[in-house]
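Peer 1: pasting a predicted model and its sequence here:
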Amino acid sequence: MILTVTPNPALDLTWHVDRLLPGETHRVDAGAARAGGKGLNVARVLHAEGHDVLALTTVGGAVGDEFAAELASSGIPHRLVPVTGATRRSIALVDEASGETSVLNERGAALAPHDVDALATSALELGRGADAVAICGSLPDGFGPAELASLVGSLVDAGVPVIVDTSGPGLLAAARAGASALKPNAEELGAATGLDDPAAGARALLDLGAGIVVASLGSEGLMIVSSDAPGEVRARLPRRLHGNATGAGDAAVAAIAAALAETPELAADTAASAEARARLARRATAWSASAVLMPLAGDLSPEHAALELEVVVTTTSTGSAGPSDPEATA
(Lines give C-alpha, C1' and ligand atoms only; values in the text may rest on other atoms or scores of the structure.)
Protein backbone atom coordinates (compact mmCIF):
# COMPACT_ATOMS: atom_id res chain seq x y z
CA MET A 1 0.00 0.00 0.00
CA ILE A 2 1.15 3.55 -0.82
CA LEU A 3 0.12 6.26 1.64
CA THR A 4 -0.22 9.86 0.53
CA VAL A 5 -0.21 12.63 3.15
CA THR A 6 -1.58 16.08 2.31
CA PRO A 7 -1.17 18.57 5.21
CA ASN A 8 -2.80 21.45 3.32
CA PRO A 9 -5.52 20.08 1.01
CA ALA A 10 -7.81 22.19 -1.14
CA LEU A 11 -11.11 22.05 -2.92
CA ASP A 12 -9.89 22.47 -6.49
CA LEU A 13 -12.12 24.67 -8.65
CA THR A 14 -11.36 24.67 -12.39
CA TRP A 15 -12.78 26.80 -15.18
CA HIS A 16 -11.88 26.72 -18.89
CA VAL A 17 -12.13 29.95 -20.90
CA ASP A 18 -11.73 30.46 -24.65
CA ARG A 19 -9.27 33.30 -24.04
CA LEU A 20 -8.33 34.84 -20.69
CA LEU A 21 -8.25 38.64 -20.93
CA PRO A 22 -7.15 40.52 -17.78
CA GLY A 23 -9.73 43.02 -16.59
CA GLU A 24 -12.51 41.55 -18.76
CA THR A 25 -15.67 39.65 -17.84
CA HIS A 26 -15.75 36.05 -19.14
CA ARG A 27 -18.76 33.83 -19.73
CA VAL A 28 -17.83 30.20 -19.09
CA ASP A 29 -19.39 26.77 -18.78
CA ALA A 30 -19.94 25.37 -15.30
CA GLY A 31 -16.67 24.77 -13.49
CA ALA A 32 -15.55 21.56 -11.84
CA ALA A 33 -15.02 21.04 -8.11
CA ARG A 34 -12.75 18.27 -6.90
CA ALA A 35 -11.06 17.29 -3.64
CA GLY A 36 -7.48 18.22 -4.31
CA GLY A 37 -4.09 19.19 -3.06
CA LYS A 38 -0.95 17.50 -4.31
CA GLY A 39 -1.25 14.34 -2.25
CA LEU A 40 -4.86 13.82 -3.32
CA ASN A 41 -3.87 14.22 -6.96
CA VAL A 42 -1.10 11.66 -6.47
CA ALA A 43 -3.59 9.25 -4.89
CA ARG A 44 -6.02 9.71 -7.80
CA VAL A 45 -3.33 8.80 -10.33
CA LEU A 46 -2.16 5.76 -8.38
CA HIS A 47 -5.73 4.56 -7.79
CA ALA A 48 -6.58 4.89 -11.48
CA GLU A 49 -3.46 2.92 -12.40
CA GLY A 50 -4.45 0.04 -10.15
CA HIS A 51 -2.13 0.67 -7.19
CA ASP A 52 -3.23 0.03 -3.61
CA VAL A 53 -3.32 3.55 -2.17
CA LEU A 54 -4.65 5.35 0.90
CA ALA A 55 -5.01 9.14 1.01
CA LEU A 56 -4.61 10.84 4.40
CA THR A 57 -5.53 14.50 4.75
CA THR A 58 -7.28 17.06 6.93
CA VAL A 59 -10.78 18.46 6.53
CA GLY A 60 -12.66 21.34 8.15
CA GLY A 61 -15.45 23.89 7.70
CA ALA A 62 -18.17 24.19 5.07
CA VAL A 63 -15.69 23.87 2.20
CA GLY A 64 -14.40 20.77 3.94
CA ASP A 65 -17.90 19.26 3.81
CA GLU A 66 -17.96 19.64 0.02
CA PHE A 67 -14.38 18.36 -0.13
CA ALA A 68 -15.26 15.23 1.90
CA ALA A 69 -18.38 14.51 -0.16
CA GLU A 70 -16.50 14.68 -3.46
CA LEU A 71 -13.67 12.51 -2.12
CA ALA A 72 -16.18 9.91 -0.91
CA SER A 73 -17.79 9.79 -4.36
CA SER A 74 -14.38 9.31 -6.03
CA GLY A 75 -13.92 5.82 -4.62
CA ILE A 76 -10.36 6.56 -3.51
CA PRO A 77 -9.59 4.93 -0.13
CA HIS A 78 -8.96 7.75 2.33
CA ARG A 79 -8.73 8.77 5.96
CA LEU A 80 -9.79 12.26 7.04
CA VAL A 81 -8.47 14.09 10.11
CA PRO A 82 -11.02 16.70 11.29
CA VAL A 83 -9.37 20.06 12.05
CA THR A 84 -10.51 23.40 13.40
CA GLY A 85 -9.76 25.59 10.36
CA ALA A 86 -11.66 25.51 7.08
CA THR A 87 -10.33 23.60 4.10
CA ARG A 88 -8.91 26.06 1.57
CA ARG A 89 -9.77 26.50 -2.11
CA SER A 90 -7.59 26.50 -5.22
CA ILE A 91 -8.84 28.13 -8.42
CA ALA A 92 -7.43 27.18 -11.85
CA LEU A 93 -8.28 29.24 -14.94
CA VAL A 94 -7.36 27.38 -18.13
CA ASP A 95 -6.84 29.61 -21.19
CA GLU A 96 -7.74 27.42 -24.17
CA ALA A 97 -6.21 29.86 -26.67
CA SER A 98 -2.73 29.98 -25.15
CA GLY A 99 -2.71 26.61 -23.41
CA GLU A 100 -1.63 28.35 -20.20
CA THR A 101 -3.21 27.92 -16.76
CA SER A 102 -3.44 30.60 -14.07
CA VAL A 103 -3.83 29.34 -10.51
CA LEU A 104 -5.02 31.15 -7.38
CA ASN A 105 -4.11 29.17 -4.25
CA GLU A 106 -5.52 30.16 -0.89
CA ARG A 107 -2.85 29.78 1.79
CA GLY A 108 -5.02 27.71 4.08
CA ALA A 109 -5.88 27.98 7.76
CA ALA A 110 -3.28 27.29 10.42
CA LEU A 111 -3.36 23.89 12.13
CA ALA A 112 -3.78 24.00 15.90
CA PRO A 113 -1.29 21.93 17.96
CA HIS A 114 -3.86 19.19 18.56
CA ASP A 115 -4.59 19.10 14.81
CA VAL A 116 -0.88 18.65 14.08
CA ASP A 117 -0.63 15.85 16.64
CA ALA A 118 -3.64 14.07 15.15
CA LEU A 119 -2.28 14.31 11.60
CA ALA A 120 1.24 13.18 12.56
CA THR A 121 -0.06 10.31 14.68
CA SER A 122 -2.29 9.05 11.87
CA ALA A 123 0.52 9.38 9.32
CA LEU A 124 2.90 7.37 11.49
CA GLU A 125 0.37 4.66 12.32
CA LEU A 126 -0.65 4.20 8.70
CA GLY A 127 2.79 4.87 7.24
CA ARG A 128 4.60 2.17 9.20
CA GLY A 129 2.59 -0.43 7.31
CA ALA A 130 3.04 1.17 3.89
CA ASP A 131 5.36 0.25 1.03
CA ALA A 132 6.00 3.97 0.47
CA VAL A 133 4.73 7.30 1.80
CA ALA A 134 4.34 10.46 -0.28
CA ILE A 135 4.06 13.74 1.67
CA CYS A 136 2.97 16.42 -0.73
CA GLY A 137 2.13 20.07 -1.08
CA SER A 138 2.48 23.31 0.82
CA LEU A 139 2.81 23.35 4.59
CA PRO A 140 0.12 25.20 6.57
CA ASP A 141 1.05 27.32 9.57
CA GLY A 142 1.47 25.01 12.53
CA PHE A 143 2.82 22.16 10.42
CA GLY A 144 6.13 23.64 9.32
CA PRO A 145 9.58 22.32 8.35
CA ALA A 146 10.30 21.01 11.86
CA GLU A 147 7.07 18.99 11.98
CA LEU A 148 7.67 17.72 8.46
CA ALA A 149 11.23 16.67 9.31
CA SER A 150 10.05 14.85 12.42
CA LEU A 151 7.48 12.88 10.43
CA VAL A 152 9.93 12.07 7.63
CA GLY A 153 12.63 11.00 10.08
CA SER A 154 10.29 8.73 12.03
CA LEU A 155 9.10 7.00 8.87
CA VAL A 156 12.63 6.59 7.50
CA ASP A 157 13.76 5.16 10.85
CA ALA A 158 10.91 2.64 10.53
CA GLY A 159 12.33 1.54 7.17
CA VAL A 160 9.62 3.14 5.03
CA PRO A 161 10.61 4.92 1.77
CA VAL A 162 9.40 8.53 1.90
CA ILE A 163 8.86 10.90 -1.03
CA VAL A 164 8.43 14.61 -0.31
CA ASP A 165 7.11 17.18 -2.76
CA THR A 166 7.17 20.62 -1.16
CA SER A 167 9.19 23.82 -1.44
CA GLY A 168 11.34 26.31 0.45
CA PRO A 169 12.58 25.48 3.95
CA GLY A 170 10.37 22.38 3.97
CA LEU A 171 12.35 20.95 1.07
CA LEU A 172 15.62 21.47 2.92
CA ALA A 173 14.18 20.02 6.12
CA ALA A 174 12.99 16.90 4.30
CA ALA A 175 16.44 16.44 2.79
CA ARG A 176 18.13 16.74 6.19
CA ALA A 177 15.64 14.22 7.61
CA GLY A 178 16.81 11.67 5.04
CA ALA A 179 13.85 11.60 2.64
CA SER A 180 14.22 8.76 0.17
CA ALA A 181 13.16 11.01 -2.72
CA LEU A 182 12.46 14.69 -3.32
CA LYS A 183 10.53 16.10 -6.30
CA PRO A 184 11.21 19.85 -6.75
CA ASN A 185 10.95 21.78 -9.99
CA ALA A 186 13.76 24.01 -11.26
CA GLU A 187 12.32 27.14 -9.66
CA GLU A 188 11.92 25.42 -6.29
CA LEU A 189 15.46 24.05 -6.48
CA GLY A 190 16.89 27.51 -7.08
CA ALA A 191 14.81 29.14 -4.36
CA ALA A 192 15.68 26.52 -1.75
CA THR A 193 19.39 26.11 -2.48
CA GLY A 194 20.34 29.51 -3.95
CA LEU A 195 21.92 27.71 -6.93
CA ASP A 196 20.92 28.57 -10.50
CA ASP A 197 22.08 25.26 -12.00
CA PRO A 198 19.43 22.57 -11.36
CA ALA A 199 22.04 19.80 -11.30
CA ALA A 200 24.04 21.64 -8.65
CA GLY A 201 20.88 22.34 -6.67
CA ALA A 202 19.88 18.69 -6.80
CA ARG A 203 23.33 17.61 -5.62
CA ALA A 204 23.09 20.09 -2.75
CA LEU A 205 19.91 18.35 -1.57
CA LEU A 206 21.66 14.98 -1.81
CA ASP A 207 24.53 16.36 0.28
CA LEU A 208 21.99 17.27 2.97
CA GLY A 209 20.80 13.67 3.17
CA ALA A 210 18.21 12.93 0.46
CA GLY A 211 18.37 9.61 -1.38
CA ILE A 212 17.38 10.72 -4.88
CA VAL A 213 16.17 13.97 -6.39
CA VAL A 214 13.74 13.97 -9.31
CA ALA A 215 13.70 17.51 -10.67
CA SER A 216 11.08 18.74 -13.14
CA LEU A 217 12.74 21.01 -15.71
CA GLY A 218 9.78 22.26 -17.73
CA SER A 219 10.27 21.90 -21.47
CA GLU A 220 13.61 20.19 -20.81
CA GLY A 221 11.88 17.24 -19.17
CA LEU A 222 13.19 15.91 -15.89
CA MET A 223 16.44 14.88 -14.21
CA ILE A 224 17.19 12.18 -11.64
CA VAL A 225 20.31 12.21 -9.48
CA SER A 226 21.19 9.72 -6.76
CA SER A 227 23.17 9.99 -3.54
CA ASP A 228 24.88 6.65 -4.07
CA ALA A 229 25.37 6.52 -7.84
CA PRO A 230 27.38 8.87 -10.08
CA GLY A 231 25.95 10.78 -13.01
CA GLU A 232 22.34 11.56 -13.76
CA VAL A 233 19.38 10.44 -15.81
CA ARG A 234 17.62 12.89 -18.09
CA ALA A 235 14.29 12.30 -19.81
CA ARG A 236 12.17 14.44 -22.10
CA LEU A 237 9.28 14.23 -24.51
CA PRO A 238 10.49 15.50 -27.92
CA ARG A 239 7.35 17.60 -28.46
CA ARG A 240 5.45 20.12 -26.39
CA LEU A 241 1.92 19.42 -25.22
CA HIS A 242 -0.58 22.16 -24.38
CA GLY A 243 -3.22 21.94 -21.71
CA ASN A 244 -3.68 22.14 -17.94
CA ALA A 245 -0.26 21.66 -16.33
CA THR A 246 -1.43 21.93 -12.71
CA GLY A 247 -1.34 18.15 -12.13
CA ALA A 248 1.83 17.36 -14.08
CA GLY A 249 4.17 17.36 -11.10
CA ASP A 250 1.73 15.28 -9.05
CA ALA A 251 1.67 12.64 -11.78
CA ALA A 252 5.47 12.48 -11.57
CA VAL A 253 5.27 12.01 -7.78
CA ALA A 254 2.83 9.14 -8.33
CA ALA A 255 5.38 7.48 -10.61
CA ILE A 256 8.12 7.97 -8.00
CA ALA A 257 5.97 6.49 -5.24
CA ALA A 258 5.17 3.44 -7.35
CA ALA A 259 8.86 3.01 -8.24
CA LEU A 260 10.00 3.25 -4.62
CA ALA A 261 7.32 0.82 -3.46
CA GLU A 262 8.66 -1.67 -6.01
CA THR A 263 12.39 -0.84 -5.63
CA PRO A 264 13.15 0.66 -2.18
CA GLU A 265 16.88 0.70 -3.01
CA LEU A 266 16.26 3.08 -5.92
CA ALA A 267 19.29 5.24 -5.03
CA ALA A 268 21.77 2.34 -4.96
CA ASP A 269 24.80 2.12 -7.28
CA THR A 270 23.75 -1.18 -8.82
CA ALA A 271 22.71 -2.22 -12.31
CA ALA A 272 19.21 -3.09 -11.13
CA SER A 273 18.72 0.28 -9.44
CA ALA A 274 20.13 2.13 -12.45
CA GLU A 275 17.62 0.35 -14.68
CA ALA A 276 14.85 1.20 -12.22
CA ARG A 277 15.83 4.90 -12.30
CA ALA A 278 15.77 4.90 -16.10
CA ARG A 279 12.31 3.28 -16.09
CA LEU A 280 11.16 5.85 -13.56
CA ALA A 281 12.48 8.71 -15.69
CA ARG A 282 10.55 7.44 -18.70
CA ARG A 283 7.32 6.82 -16.80
CA ALA A 284 7.39 10.02 -14.76
CA THR A 285 7.91 12.06 -17.93
CA ALA A 286 5.08 10.30 -19.76
CA TRP A 287 2.68 10.54 -16.83
CA SER A 288 3.46 14.24 -16.39
CA ALA A 289 2.91 14.90 -20.08
CA SER A 290 -0.33 12.94 -20.18
CA ALA A 291 -1.65 14.82 -17.15
CA VAL A 292 -1.31 18.07 -19.12
CA LEU A 293 -3.79 16.72 -21.67
CA MET A 294 -6.52 16.27 -19.08
CA PRO A 295 -8.90 19.03 -17.95
CA LEU A 296 -8.51 18.26 -14.22
CA ALA A 297 -5.46 17.60 -12.06
CA GLY A 298 -5.20 14.02 -10.84
CA ASP A 299 -6.06 12.34 -14.15
CA LEU A 300 -3.85 10.73 -16.79
CA SER A 301 -4.68 10.73 -20.48
CA PRO A 302 -5.36 7.29 -22.02
CA GLU A 303 -2.39 8.17 -24.23
CA HIS A 304 0.14 7.85 -21.39
CA ALA A 305 1.33 4.38 -22.47
CA ALA A 306 1.92 5.60 -26.02
CA LEU A 307 3.67 8.73 -24.75
CA GLU A 308 6.00 6.56 -22.70
CA LEU A 309 7.33 5.08 -25.95
CA GLU A 310 8.19 8.57 -27.22
CA VAL A 311 10.23 9.65 -24.18
CA VAL A 312 13.96 10.08 -24.79
CA VAL A 313 16.06 8.89 -21.83
CA THR A 314 19.77 9.67 -21.51
CA THR A 315 22.11 8.46 -18.78
CA THR A 316 25.32 10.41 -18.21
CA SER A 317 28.34 9.86 -16.00
CA THR A 318 29.68 12.57 -13.67
CA GLY A 319 31.46 15.17 -15.71
CA SER A 320 30.40 13.57 -18.98
CA ALA A 321 29.07 15.75 -21.78
CA GLY A 322 27.10 12.91 -23.34
CA PRO A 323 25.66 9.47 -22.79
CA SER A 324 27.88 7.12 -20.82
CA ASP A 325 26.70 4.24 -23.00
CA PRO A 326 25.09 4.45 -26.46
CA GLU A 327 22.54 1.86 -25.30
CA ALA A 328 21.51 4.18 -22.49
CA THR A 329 19.85 6.60 -24.90
CA ALA A 330 16.48 5.60 -26.24
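Peer 2: Okay, I see it.

Peer 1: heading C-terminal from the lowest-mean-pLDDT helix or strand in the chain, find the next helix or strand.
Peer 2: Least confident element among the helices and strands of the chain, by mean pLDDT, DSSP states H and E: strand 101-105 (a mean of 86). Note on strand 101-105: by DSSP states H and E, the next helix or strand toward the C-terminus is helix 113-127.

Peer 1: any buried residues in that next one, and which?
Peer 2: Under the neighbour-count criterion of 16 or more other C-beta atoms under 10 Å, helix 113-127 has 115, 116, 118, 119, 120, 122, 123, 124, 126, 127 buried. Glycine gets a C-beta too; all of them are placed from N, C-alpha and C.

Peer 1: so how far is that helix off the chain centroid?
Peer 2: Relative to its chain's centre, helix 113-127 lies at 20 Å (C-alpha atoms, centre = their mean, to the nearest Å).

Peer 1: please apply the same query to stretch 192-200.
Peer 2: 19 Å.

Peer 1: quick one on the thing from earlier: from the chain's centre, how far out does the least confident helix or strand of the chain sit?
Peer 2: Its chain's C-alpha centre lies 17 Å from the corresponding centre of strand 101-105 when counted by C-alpha atoms, centre = their mean.

Peer 1: how about it: buried residues?
Peer 2: Within strand 101-105, the residues that count as buried by 16+ other C-beta under 10 Å are 101, 105.

Peer 1: what are the bridge partners for residue 92, then?
Peer 2: Here residue 92 sits in beta bridges with residue 14, residue 103, going by DSSP bridges.

Peer 1: residue 209 is in contact with residue 173, isn't it?
Peer 2: No: shown here, residue 209 and residue 173 do not form a contact pair, counting by C-beta atoms under 8 Å, at 10.2 Å.

Peer 1: looking at these two, which has the bigger crowd around it?
Peer 2: The neighbour count for residue 209 versus residue 173, taken as other C-beta atoms under 10 Å, is higher for residue 173 (23 against 17).

Peer 1: secondary structure class of the more buried one, three-state.
Peer 2: Following DSSP: H, G, I helix; E, B strand; the rest coil, residue 173 is assigned to helix.

Peer 1: in contact with it, which residues?
Peer 2: Residues in contact with residue 173 (C-beta atoms under 8 Å, 6 or more residues apart in numbering) are 145, 146, 148, 149, 152.

Peer 1: got a ChimeraX select line for the buried ones in these?
Peer 2: Selecting only the buried entries of the contacts of residue 173 in ChimeraX, with 16+ other C-beta under 10 Å as the criterion:
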select :145,148,149,152
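
Peer 1: with secondary structure and pLDDT as added columns, please give the contacts of residue 173 in JSON lines.
Peer 2: Shown next, in JSON lines, are the contacts of residue 173 (DSSP: H, G, I helix; E, B strand; the rest coil; pLDDT from 0 to 100):
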{"residue": "145", "secondary structure": "helix", "pLDDT": "98"}
{"residue": "146", "secondary structure": "helix", "pLDDT": "98"}
{"residue": "148", "secondary structure": "helix", "pLDDT": "98"}
{"residue": "149", "secondary structure": "helix", "pLDDT": "98"}
{"residue": "152", "secondary structure": "helix", "pLDDT": "98"}
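
Peer 1: give me the neighbour count for the residue lying closest to residue 59 once chain neighbours are set aside.
Peer 2: Nearest residue to residue 59, sequence neighbours excluded (C-beta to C-beta, 6 or more residues apart in numbering): residue 80, at 4.6 Å. For residue 80, the count of nearby residues is 19 (other C-beta under 10 Å).
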